[in-house]
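*Asks:* have a look at this fold, sequence not included:
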């Protein structure tokens, strides 16, 4: 009976993960097919050709290297800046009796409930007014601005639950507010920061909407619009796009694998005293 | 203080170090970013920027080559910006209305360009047209706005037609039809052989159906009525429009039933595999065909329905317009003159794989039999129309998509569909 249950569980899970991995596998297979193969048999057919030239095309003709550099130039500072600012805000809001702190927090959260689409035109016009339009700075500013509310909210929840005694002990040790923040609170918030870091990295790296709203020069475009630009007006080389997608997925996967450990340690934190 | 647990102290110390490490890393990274994103500020020099939606690899390479040649000539400098065509379409109004817009844009001729001109967003390029005397009058009219000045410079155009594989038509023993009756007879023959006669691809690309509406309308009611209808001067619930759908219904049983599900790119695959007989589509579809099938392709013109109606064909024209706010009008016009010249147009036609006809009458088109036949068809036409959205607006296109897909699904409800279409169109025109 027990064996049967285990067997059923495993079959079910294998089927489920196949369902999950199916589209990914499909993209990988498509990226190794030639254009004529896809044109003659359709995107859904079994592969009848094998080529890795698609990767070269995506890399050189599609300008993916430049796009990946742009993506990193936007994503890394955006993640660092927004998490840094959010951590400070969360620290202040959760640990000090700031008047109106609830309102501030709710206001930040409320900003997050606005659909970004209605802000596209104001953001485009504003970035133009400030002279940042079509620079990566504009994109960094937008990403930090839009991420801040949510990150603060999450970190606030996490920091509020940290035992007050640690802070008191540090105060007795002679630590000032800044020292408590950098040497006590930040290290203790590390699991939450790591989880949020991985999440925000994915969000910002995969963002398309803001990039095409505040940028217009192809040399400035991060990787998502660059992938879009591989599509022709009428006809697209799906194999090259698939290859480009595989390349573009590498950084996010790498970050996730790197931060996986932090997720686990984050879960285990507090379990063992 | 001395009785503090050393283990805990070490713990705090470690955490502190880690925190410092994290801070150090982040400041290092932002320093990296600030030094590297420095040069991305706009190029304030006199270079003319072209915002291009020609994002397919061949067309992009062709444009890059043209700009390289222009820069080498020393008459000015230009820089090319290729943006995904879908992004370009949605962002074009933002580009044009921004305080520091790009100078030159690839776009379509016709009412879409005139719309922007009526908002004073486009540069008057009449000066460029002074040297384009030999261009046909039809292109000049097309590039002229309501106030009589030229605002557009055409680069090339292409045609629509019923495409088919020569080898398949030979296998089935059928000929190109000339008239509507012959066309229906051909459909009947193909159907009896078990081949869905008319391919179409409406999933994701519902606008393909507009070609049927355009062609039936210009064959039955003529191009002037068609233009007036799309400009809001006629009504979609007019009996003349209903006549279009009465004809369409005659051909409707011969449509490939699978065509509603997939986009036209897959409809192309179906046509090439012999799963459909023919396909009313623009020449751009050939980009989706494997190279070895290209030689086997042929087409015939949309069959004549009423011989009394002057012959009109769809010939969407692509080209350039410039921003009225350009900081460098002289350079922009110099670039436009270069792009409309014989040398540039021939180079573009050669480098881009698409089947296109250069706008400059002196520039030689490709000499493949298909292109020769297409050019002859357009030369024979008394009138040229652009395409539904280009003759009206991108805002009116969705109303057509809704009405036409509904008609293909439920042809019985045509009266209600046309009433709804008229109501939808009125909203757009008032908009």
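*Replies:* Yes, it's here. Small disclaimer: the values here were computed from a predicted structure and weren't measured.

*Asks:* residue A:22: neighbouring residues, count only.
*Replies:* 10 (other C-beta atoms under 10 Å in any protein chain shown). In this view, the C-beta of every residue, glycine as well, is placed from N, C-alpha and C.

*Asks:* can you pull the contacts of residue B:230?
*Replies:* By C-beta atoms under 8 Å, 6 or more residues apart in numbering or on different chains, the contact list for residue B:230 reads B:111, B:388, B:391, B:392, B:396.

*Asks:* ok, the residues you listed vs chain A, which is closest?
*Replies:* Of all those, residue B:388 has the smallest distance to chain A: 15.4 Å, by C-beta to the nearest C-beta.

*Asks:* ok, and the closest non-adjacent residue to that closest one?
*Replies:* Nearest non-adjacent residue to residue B:388, counting by C-beta to C-beta, 6 or more residues apart in numbering or on different chains: residue B:210, 3.8 Å away.

*Asks:* is residue A:162 located within a helix, as I assumed?
*Replies:* No. Counting by DSSP: H, G, I helix; E, B strand; the rest coil, residue A:162 is not part of a helix but coil.

*Asks:* measure it to chain B for me?
*Replies:* 12 Å (C-beta to the nearest C-beta, to the nearest Å).

*Asks:* how close does that residue get to residue A:143?
*Replies:* 27 Å (C-beta to C-beta, to the nearest Å).

*Asks:* more neighbours, the two?
*Replies:* Higher neighbour count among residue A:162 and residue A:143: residue A:143, with 23 against 16, using other C-beta under 10 Å.

*Asks:* give me the helices and strands touching the helix or strand that residue B:215 is a member of, please.
*Replies:* Element membership of residue B:215, judged by DSSP states H and E, is helix B:209-220. Applying 3 or more C-beta pairs under 8 Å, 6 or more residues apart in numbering or on different chains; DSSP states H and E, one finds that helix B:209-220 makes contact with helix B:223-230, helix B:239-251, strand B:278-282, strand B:312-314, strand B:383-385, helix B:388-391, helix B:397-409.

*Asks:* and for residue B:430, the neighbour number?
*Replies:* When neighbours are counted by other C-beta under 10 Å, residue B:430 comes out with 7.

*Asks:* okay, residue B:233: pLDDT?
*Replies:* Model confidence at residue B:233, given as pLDDT, is 93.

*Asks:* helix or strand: which one has it?
*Replies:* Going by DSSP H and E, residue B:233 is not in any helix or strand.

*Asks:* burial check on it, number of neighbours?
*Replies:* Neighbours of residue B:233 (other C-beta under 10 Å): 10.

*Asks:* look up how far residue B:244 lies from it.
*Replies:* Distance from residue B:233 to residue B:244, by C-beta to C-beta: 17 Å.

*Asks:* just give the closest residue to the residue nearest the centre of chain A, not the sequence neighbours.
*Replies:* Nearest to the geometric centre of chain A sits residue A:202, at 1.7 Å (C-alpha atoms, centre = their mean). Closest residue to residue A:202 apart from its sequence neighbours, by C-beta to C-beta, 6+ apart: residue A:252 at 5.2 Å.

*Asks:* give me the contact list for stretch B:342-352.
*Replies:* Identification of contacts with stretch B:342-352 by C-beta under 8 Å, 6+ apart yields B:54, B:58-59, B:61-63, B:65-66, B:69-70, B:155-156, B:338-339, B:356-360, B:362-366.

*Asks:* could you list which of those belong to strands?
*Replies:* Judged by DSSP state E, strands contain the following of the contacts of stretch B:342-352: B:155, B:156, B:357, B:358.

*Asks:* show me which of those residues are buried.
*Replies:* B:155, B:156, B:357, B:358 (16 or more other C-beta atoms under 10 Å in any protein chain shown).

*Asks:* quick check: the farthest pair among these?
*Replies:* Maximum pairwise distance in these, criterion C-beta to C-beta, is 10.3 Å, between B:155 and B:357.

*Asks:* tell me the residues on the stretch 101-250 of chain B that lie near chain A, please.
*Replies:* By C-beta under 8 Å from any C-beta of the partner chain, the part of the stretch 101-250 of chain B that sits against chain A consists of residue B:102.

*Asks:* got the contact list for the residue of the stretch 101-250 of chain B found nearest chain A?
*Replies:* Minimum separation of the stretch 101-250 of chain B from chain A (C-beta to the nearest C-beta) falls at residue B:102, amounting to 6.9 Å. Residue B:102 sits next to A:216, B:49, B:50, B:51, B:81, B:95, B:323 when contact means C-beta under 8 Å, 6+ apart.

*Asks:* over to the first one. Which of the three states is it?
*Replies:* In other words, residue A:216. coil.

*Asks:* that older thread, and the contacts of residue B:230, which is closest to residue B:287?
*Replies:* The nearest member of the contacts of residue B:230 to residue B:287, counting by C-beta to C-beta, is residue B:388 at 21.1 Å.

*Asks:* wait, isn't the closest one in contact with residue B:209?
*Replies:* No. Residue B:388 lies out of contact with residue B:209 (C-beta atoms under 8 Å); the separation is 9.3 Å.

*Asks:* overlap in contacts, those two.
*Replies:* residue B:400.

*Asks:* for residue B:276, phi and psi?
*Replies:* Dihedral pair for residue B:276: phi -130, psi 160, per degrees, to the nearest 10.

*Asks:* now it: how far from residue A:86?
*Replies:* 56 Å.

*Asks:* what's the answer for residue A:54, then?
*Replies:* Applying C-beta to C-beta, one obtains 40 Å for the distance of residue A:54 from residue A:86.

*Asks:* assign residue B:322 to helix, strand or coil.
*Replies:* Criterion first, three-state DSSP; result for residue B:322: strand.

*Asks:* so what's the residue nearest to it when sequence neighbours are not counted up against?
*Replies:* In space, not counting the residues next to it along the chain, residue B:322 is nearest to residue B:123; the distance is 3.9 Å by C-beta to C-beta, 6+ apart. If you count contacts by C-beta under 8 Å, 6+ apart, residue B:123 has them with B:151, B:321, B:322, B:323, B:324, B:326, B:329, B:332.
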